[in-house]
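Student: Need coordinates for the following:
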Amino acid sequence: MKTKQTKNQEMEREQMIQSNMNERKVKEGKMKMLREHGITLVALVITIIIMLILAGVVLNTAIRR
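Tutor: Reported below is the predicted structural model:
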């Protein structure tokens, strides 16, 4: 038969394990969010570069005519 102290220790251990799992999930969520924001930023920069190239081609074509 388990003593109260042993039961309390087991409960505390389970709570610590659960707490660590929750912290890990939060960290993984933050990392995922940072990666998604990084991809969005790269996509924005690439889009701006493509738009500048297209604008340059259009202006060059318009001026030569």
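Student: What are the boundaries of the helices in this structure?
Tutor: 4-64 (DSSP state H).
Student: quick one: low-confidence parts of it?
Tutor: 1-2, 4 (pLDDT under 70).
Student: tell me the centre residue of it?
Tutor: Residue closest to the average C-alpha location in the chain (Cα atoms, centre = their mean): residue 33, at 2.0 Å.
Student: how near is it to residue 55?
Tutor: 33 Å (Cβ to Cβ, to the nearest Å). Quick note: C-beta positions are derived from backbone N, CA and C, even for glycine.
Student: before we move on, what about residue 3?
Tutor: 78 Å.
Student: Then residue 26?
Tutor: 43 Å.
Student: same thing with residue 34?
Tutor: 32 Å.
Student: burial count for residue 59?
Tutor: 10 (other Cβ atoms under 10 Å).
Student: Can you tell me how far it is from residue 51?
Tutor: From residue 59 to residue 51 the distance is 12 Å (Cβ to Cβ).
Student: Fine by me, thanks again.
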